[in-house]
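J.: the following block contains a protein sequence and its predicted model.
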Amino acid sequence: MKSLTGTGVAIITPFDQEKNVDVEALQNIVEYQIENNIDYIVILGTTAENATLTKSEKELVINTIVKQTNKRIPLVLGIGGNNTSAVVEEFKTTDVSAFEAILSVSPYYNKPTQDGIYEHYKAISAVSTKPIIVYNVPGRTSSNILPETIARLAKDFSNIVGIKEAKGDIVQAMKMIAETPDNFMVISGDDMITLPMVLAGGSGVISVIAQGLPSEFTKMVNLGLEGNAKEAFKIHHNIAPVIDYIFEEGNPAGIKSVLEYKGYCTPEVRLPLLKASAVLQAKIKDFMTSLS
């Protein structure tokens, strides 16, 4: 899966002032990513406010991005949930022909055991026609996929090709890198520790901040993949403050504020999320102004 090495972006769903999907803004944001050499786009992840989109809106987002990218870069589609049979059915009935792989989150809320997580992905693996990237984000799911569990999945199922690891724990990430096959992708799902993960042998990142700073973040990741830690860390330390800012009041409120500063979309999000406060917007604006 060399096509998914490097910088992937978890794309937002931009809304207009009435909180409808803003197709033109989405097209422009996608083009901005391509122009700045990101490696692939992830559609309908958490950052896309997937949980608040209707079925028809999800189809609109998918169709817009597929048409705009026009096969210029790979696409990954998010399909996941906490009802295994429903996820299996979605895998069976979704047209995934335009996608390089599927990103599937570990079951949330239910808090399954490690064996339960294993069986969930076993069921998905049996029906998937595309490679699967497991998504571990304990802060949202309330359960953690342990390194030994992902090692089992990597060993037992050839179409489970990677993990987006978003626990924010560099030690756990390093264990995953060490315990999985060399061709298995351990992808950072935490922007702040992306560079250390890459330098430890990770495959790259599925990033939030990269869609606001695509050129800078992509350059940092590429330097890391080349082993040029000194130059990569210069970029990391330069942009680190805004990584903290964008998650200060939840995702994607912060990154939408960054993109608003750049003129790409409104800061609007859907309830139960709120757009970034005036205080946070001011901090982001001050940082972006100093960066530019």
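T.: It's in.

J.: for residue 109, which non-adjacent residue is spatially closest?
T.: Nearest non-adjacent residue to residue 109, counting by Cβ to Cβ, 6 or more residues apart in numbering: residue 82, 5.4 Å away. C-betas here are computed from N, CA, C, even on glycine.

J.: what does residue 259 give?
T.: Counting by Cβ to Cβ, 6+ apart, the residue nearest residue 259 is residue 265, at 5.0 Å.

J.: give the burial count for the one you found, as a bare number.
T.: 23 (other Cβ atoms under 10 Å).

J.: check the one 5 residues further on too.
T.: Other residues near residue 270 come to 14 when the count uses other Cβ under 10 Å.

J.: picking up where we left off before, need phi/psi at the residue nearest to residue 109.
T.: phi -110, psi 10 (degrees, to the nearest 10).

J.: residue 233 reaches residue 194, doesn't it?
T.: No: using Cβ atoms under 8 Å, residue 233 is not in contact with residue 194; the gap is 11.5 Å.

J.: between the two, who's got more neighbours?
T.: Higher neighbour count among residue 233 and residue 194: residue 194, with 27 against 17, using other Cβ under 10 Å.

J.: contacting residues for the residue nearest to residue 109?
T.: 107, 108, 109, 110 (Cβ atoms under 8 Å, 6 or more residues apart in numbering).

J.: ok, residue 261 - contacts?
T.: 284, 285, 288.

J.: quick check: residue 269 touching residue 255?
T.: No: using Cβ under 8 Å, residue 269 makes no contact with residue 255, being 10.3 Å away.

J.: ok so, going back, and the residue nearest to residue 109, how far is that from residue 187?
T.: Distance, residue 82 to residue 187, using Cβ to Cβ, to the nearest Å: 22 Å.

J.: got a winner among the contacts of residue 261 for most neighbours?
T.: Neighbour counts for the contacts of residue 261 (other Cβ under 10 Å) peak at residue 284, which has 25 neighbours.

J.: now the helices for the stretch 101-250 of the chain?
T.: Assigned by DSSP state H, counting those that start in this stretch, the helices in the stretch 101-250 of the chain fall at 114-127, 138-141, 147-156, 170-179, 194-199, 214-225, 229-247.

J.: need the winner for burial among the ones you listed.
T.: Of the helices of the stretch 101-250 of the chain, the one with the most neighbours on average (mean count of other Cβ atoms under 10 Å) is helix 194-199, at a mean of 23.

J.: quick one: contacts of it?
T.: The contact list for helix 194-199 (Cβ under 8 Å, 6+ apart) reads 165, 170, 173-174, 177, 186, 188, 190, 202, 204-205, 207, 220-221, 224-225, 227, 229, 232-233, 236.

J.: then it to PDB, C-alphas only?
T.: The C-alpha trace of helix 194-199 is given here as PDB (Å, rounded to 0.1, in the frame of the first residue of the first chain):
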ATOM      1  CA  THR A 194       3.200  12.100  13.900                       C
ATOM      2  CA  LEU A 195       6.900  12.900  13.500                       C
ATOM      3  CA  PRO A 196       8.100  10.600  16.300                       C
ATOM      4  CA  MET A 197       5.900   7.800  15.000                       C
ATOM      5  CA  VAL A 198       7.300   8.200  11.500                       C
ATOM      6  CA  LEU A 199      10.900   8.300  12.700                       C
END
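
J.: now do it: distance to the chain's middle.
T.: 16 Å (Cα atoms, centre = their mean, to the nearest Å).

J.: then stretch 242-259?
T.: Put simply, stretch 242-259 sits 14 Å off its chain's centre (Cα atoms, centre = their mean).
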